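Colleague: Below are the sequence and a predicted model; questions follow.
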Amino acid sequence: MKNFMILTSFLALVSCKADAQKLKFFTIFSEPKKVTKKVSETGKTHTYKTRQEVTERLDPLIFMLSKNDETLKFRIQGNISSSGHSIRQVRKMRYEKGEQNGNFITLRYFVEIKKIPGKESADVKGYNYSKDETYTIPKDVKVINIELYEDRINDTSVTKPKLIAQQTFNFFDRI
């Protein structure tokens, strides 16, 4: 019984640490809305239905959560559209370390978006995503540039990734 408790506690600690680095998804929902509009030429009112998003879309951003001398913690967030006959899903987020030029380094993150066959529900307008990252800052680096790209992996009309967010962090106060 004691070994089971130790194993359970260890697994709980490990899962808490791993959960902080997971890519999180949130559905962007919409609901029907009646709109009444008066036609100026005839003077009659016309009522029709439209859909209004009830979930807030996250703007594509990269922002700092915390920093100390050795590490930088930041969040990457954004959204993708997915509705009607165009189902798009975030497959994964991959990281590429750029080259270091003196005291400047670039980190690139690619959100891989996959288009799949089928039809999305009328209530779904897309997906928000966010991921918290921790980067160990090398001693000689003073400026970190982080770029976020959308990479549509099976869409033949888009051939190269699109830059959607960029943020630069300066650490010139480091000794």
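Modeller: All right, it came through fine. Numbers count the residues shown, from 1 in each chain.
Colleague: Please make it C-alpha for all contacts and neighbour counts, starting now.
Modeller: Fine.
Colleague: Beyond the helix or strand of the chain with the lowest mean pLDDT, next helix or strand please.
Modeller: Sorted by mean pLDDT, DSSP states H and E, the helices and strands of the chain end with helix 2-19, the least confident at a mean of 41. Downstream of helix 2-19, the next assigned helix or strand under DSSP states H and E is strand 24-38.
Colleague: Not counting its own residues, what contacts that following strand?
Modeller: Residues from elsewhere that reach strand 24-38 (CA atoms under 8 Å, 6 or more residues apart in numbering): 44-57, 122-131.
Colleague: Where does pLDDT dip in the protein?
Modeller: The model of the chain has pLDDT under 70 over residues 1-20, 173-175.
Colleague: What residue in it is the furthest from its centre?
Modeller: Centroid-distance maximum for the chain: residue 42 at 47.2 Å, with CA atoms, centre = their mean.
Colleague: how about that one, secondary structure?
Modeller: Here residue 42 is recorded as coil under DSSP: H, G, I helix; E, B strand; the rest coil.
Colleague: How about residue 156?
Modeller: Residue 156 is classified as coil under three-state DSSP.
Colleague: what's around it, how many residues?
Modeller: 8 (other CA atoms under 10 Å).
Colleague: Equivalent analysis for residue 71, please.
Modeller: Residue 71: 13 surrounding residues under other CA under 10 Å.
Colleague: For the remainder of this discussion, apply numbering that starts at 6.
Modeller: Sure thing, new numbering starts at 6, so read that last one as residue 76.
Colleague: you'd agree it is up against residue 140?
Modeller: Yes - Residue 76 is within contact range of residue 140, at 5.6 Å (criterion: CA atoms under 8 Å).
Colleague: From residue 172, how far out is residue 51?
Modeller: As judged by CA to CA, to the nearest Å, residue 51 and residue 172 stand 47 Å apart.
Colleague: more crowded one of the two?
Modeller: Per other CA under 10 Å, whichever of residue 51 and residue 172 has more neighbours is residue 172, with 14 against 10.
Colleague: how close does residue 62 get to residue 31?
Modeller: Using CA to CA, we find residue 62 at a distance of 10 Å from residue 31.
Colleague: Look at these two and report which has more neighbours.
Modeller: Neighbours per residue, other CA under 10 Å: of residue 62 and residue 31, the larger number sits with residue 62, 20 against 14.
Colleague: what sits against the more buried one?
Modeller: Counting by CA under 8 Å, 6+ apart, residue 62 touches 33, 83-84, 133.
Colleague: gap between the helix or strand where residue 98 lies and the chain center?
Modeller: Using DSSP H and E, residue 98 sits within strand 92-106. Its chain's average C-alpha position is 11 Å from that of strand 92-106, according to CA atoms, centre = their mean, to the nearest Å.
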